[in-house]
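Chemist: Any chance you could fold what I've pasted below:
(2 chains)
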There are 2 protein chains.
Amino acid sequence: MLVPVMKKPLTKSNTILIKGGVVLTINPSEDIFPAGYVLIEDDTIKSIGTITEAPPDGTVDKVIDARDGLIMPGLINTHTHAAMACLRGLADDLPLETWLNDYIFPVEAHYVNPEFVYQGTRLAGIEMIRSGTTCFADGYFFEAEAARAVSQLGLRAILGQGILDFPTPDVPNPDFNLKNGKNYLERFPASPLIAPTLFCHSAYACKPETLQEARKVCNDHGIPLLIHLAETEAEIMKMMSRYGVSPVKHLLTLGVLDGETIAAHCLWISPEELFVLKAKKVRVAHCPESNMKLASGVAPVPDFLKFGIPVGLGTDGCASNNNLDLLSEMDTAAKIHKLARKDPSLMDAKTVVKMATIGGAEVLGLYDKIGSLELRKKADIIILDWKQPHLTPVYNYYSHLVYSASGHDVRTVMVDGTVIMHNQQILTVNEKEVISEVEKIGEEIKKGRLNNLR
Amino acid sequence: MLVPVMKKPLTKSNTILIKGGVVLTINPSEDIFPAGYVLIEDDTIKSIGTITEAPPDGTVDKVIDARDGLIMPGLINTHTHAAMACLRGLADDLPLETWLNDYIFPVEAHYVNPEFVYQGTRLAGIEMIRSGTTCFADGYFFEAEAARAVSQLGLRAILGQGILDFPTPDVPNPDFNLKNGKNYLERFPASPLIAPTLFCHSAYACKPETLQEARKVCNDHGIPLLIHLAETEAEIMKMMSRYGVSPVKHLLTLGVLDGETIAAHCLWISPEELFVLKAKKVRVAHCPESNMKLASGVAPVPDFLKFGIPVGLGTDGCASNNNLDLLSEMDTAAKIHKLARKDPSLMDAKTVVKMATIGGAEVLGLYDKIGSLELRKKADIIILDWKQPHLTPVYNYYSHLVYSASGHDVRTVMVDGTVIMHNQQILTVNEKEVISEVEKIGEEIKKGRLNNLR
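Modeler: Numbering: from 1, shown residues only, chains lettered A, B, ... in the order given. Below you'll find the predicted structure:
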């Protein structure tokens, strides 16, 4: 499909009025305005309500007609590796070890460089915008390049520089992994939308001292530490045989949970460890599609919710999903726990919509800023086309979002008061150019796979 | 989104050349032409190959440019209740009994009438066309009205008149359920695309004599019997307490499996019963999303495949999915078995694509006609837009279809040589009118729910 691309983003209007659609606020009282409006001033939501109370068109700089639309907070992806979009579909349906050791790691070692991360993150960003994600947490290599991409895209993000205790594409000698991480944090350009942090790969891929030092650095900077935690049964076995304890207890003992932690996956959590996560205020990124595809298991999310442990949704990277569509992830999140616990009333649609919005905001530490449409919150807003065959008739907005809609239904996306997609046209980067650049990277990898690797 | 609707379908050209895209044949040798063509004459595939061997444009009546597209056989939905699109999202996240007894059954009793089935099937048909389904098997009430809708839509289908031994919207006195079914079969207008049959709801909702008589009628007409089979553990328990045997053994003993049978779900199948299904040549409609949403369990599909039992994919009805997107169903089908059996190599992408195409054709008894792009097969063809951010880069076509694509990527749909959707515009029915008619039905149901039912 040809998409005309504007050379510049729309300039930020002083006041924008979105009106006419259903407004799903996800505020604490769960207000819904079947025909509503949202008034935005600069980067902030100024007022919200039923359309009869909207200010006259003439009093605002710009009006967005959202008739037949559903207006809601932008979705929040709490865990991904955006640049891995370049590896989408490279290797699937393989045992985890084969997948990692024979495909992902060797390809990453050969091909991941600043350009790969920049272009891959741009592609992933386009896909996220198209499917309604306005904010995400990322962890990968050369993360300053991810920041360059995200800044162009106009998305909100927390970008974690990867820290591993083995040679990585950006830090061939792991002795320097934390030095590299600190440099990344110190040189990070100030931005209202993007915050840098560290992403320790896992309790098994980082040494105890590395984990402790990374925790200290994060605490010094007042930022959350990102980490994969208890993703597979094999991880538990590895940790038990190496340290005699589970990964959660390992991190607890090392003091690595003493500070803000965003832990991805958290599948193999014992009942006792639920108390640890709760006590240490660990926030969980739940990635059900990746967990299914890699046959890792099912996270005890209903227990997390019972314990009041914050849970957001994540897509994980494109090598293990293989897309970044949070609306489709919502469908899986609603269904996987019903199946696992033989209870169709678990994880109802509203709970899942909240998980993908306000829940994600809480996980990323941005509860006061985003995740719902409320006065004084930042204007991160998406509009879905709600007049479509597969969304007809409408009995329940939440149900349609979770079970019937997909990312393709998103028409317009605003981040921090700036429209970055309108009528499915990306306004901030040249989509065709990005596709073409990532196709080139893909061609190189295909050639390489045929010649050198395997 | 405004979609201009043409008043008439495109007339069937004598010869149509589709060219320029990737052609995924799904033929026995799994041929793929990275830049290929398909030549259609009337309703039939006349030739197929690489673009350099395509006939010159001037020699055909119509050329469809499929550059940047992926050309493949239309998808086949082996189990749905199309008209239930009218009930999409009416009641979710409820225990099965509450869902059925407090919502679905009472609403059906009050509101299901010929108009409901006609409009609901039209809406479902539009959604199926939009998401690449060209053929489906249906079971519901007033099924002659479904046939009227399908005939307008231009889809291929097997339409089963529902048979239950309790009062239904179309047969208030169940004594007449088979008489009604026979009338339906006898009065069915001859059609090259639509075949009528009977749909016995289940071994627990039909009496033994009803099942036996329906089997006889189907055998007399040479048509497959549709039935729900071993969907839930509760069904097994009910059958054990009522008849002392499982539903499979019940049907076996009654002789109901002696003939063509298309059995939906088949979750609670013992190892011994795999031999029964195999010996009786039962064909299975696998509906993983519905099974997850209703917490029914996981069908032993890897075992079916090992036994050579034909398996196709189905969406089930919109009240238990809640969409008719087979591409999204493929994603779930690939992932659910990996999770259930802790093996990420199970149900690889190619297996799943075949299940949604040629596998479905085999299940519906249409293996010689559809399901793959091969000489002399009917021209049921879909074209996906393959140049999109979420489908970039391309390492593996099957993987992208299963894990990254969705129904929204389908651009053009041909059934029996006739284009029924082009560039996402439905050419056979007025989409806006259908949406509006089903919205009216939805409004009535909402009013009724507030007033009478609950």
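
Chemist: what secondary structure does the most centrally placed residue in chain A sit in?
Modeler: Nearest to the mean C-alpha position of chain A, counting by CA atoms, centre = their mean, stands A:N77 at 2.0 Å. Here A:N77 takes the strand state, with states given by DSSP: H, G, I helix; E, B strand; the rest coil.

Chemist: From A:L87, how far off is it?
Modeler: Using CB to CB, to the nearest Å, we find A:N77 at a distance of 18 Å from A:L87. C-beta here means a position set from N, CA and C on the backbone, and glycine is covered the same way.

Chemist: Correct me if wrong: A:G89 contacts B:L401.
Modeler: No: the pair formed by A:G89 and B:L401 falls short of the contact definition of CB atoms under 8 Å, at 9.7 Å.

Chemist: out of these two, which sits in the busier spot?
Modeler: Relative neighbour count places B:L401 above the other of A:G89 and B:L401, with 30 against 25, counting by other CB atoms under 10 Å in any protein chain shown.

Chemist: residues contacting that one?
Modeler: B:L24, B:L70, B:M72, B:L327, B:M330, B:A349, B:V353, B:L384 (CB atoms under 8 Å, 6 or more residues apart in numbering or on different chains).

Chemist: Any idea how many residues pack against the first one?
Modeler: A count of nearby residues for B:L24, using other CB under 10 Å, gives 24.

Chemist: Please apply the same query to the fourth one.
Modeler: When counting by other CB under 10 Å, one arrives at 25 neighbours for B:L327.

Chemist: wait, what's in contact with it?
Modeler: For B:L327, the set of contacting residues under the criterion of CB under 8 Å, 6+ apart consists of B:L75, B:S131, B:G132, B:A356, B:L401, B:A405, B:S406, B:G407, B:D409, B:V410.

Chemist: Which element, helix or strand, includes it?
Modeler: Using DSSP states H and E, B:L327 maps to helix B:326-340.

Chemist: hang on, the earlier thing: give me the spatial nearest neighbour of the residue nearest to the centre of chain A, chain neighbours excluded.
Modeler: Once flanking residues are discounted, A:N77 sits nearest to A:F136: 3.9 Å by CB to CB, 6 or more residues apart in numbering or on different chains.

Chemist: what about dumping the CA coordinates of the strand or helix carrying the one you found to CSV?
Modeler: If you go by DSSP H and E, A:F136 is part of strand A:133-140. The C-alpha coordinates for strand A:133-140 follow below in CSV (Å, rounded to 0.1, in the frame of the first residue of the first chain):
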residue,chain,number,x,y,z
THR,A,133,1.8,1.6,21.3
THR,A,134,2.9,5.0,22.5
CYS,A,135,5.5,4.0,25.1
PHE,A,136,7.8,1.0,25.5
ALA,A,137,10.7,-0.4,27.6
ASP,A,138,13.5,-1.8,25.5
GLY,A,139,16.7,-3.7,26.2
TYR,A,140,19.4,-4.3,23.6
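
Chemist: Which strands or helices does it pack on?
Modeler: Applying 3 or more CB pairs under 8 Å, 6 or more residues apart in numbering or on different chains; DSSP states H and E, we find strand A:133-140 packed against strand A:75-80, helix A:114-130, strand A:156-163, strand A:194-202, helix A:360-363, strand A:410-415.

Chemist: Fine by me, thanks again.
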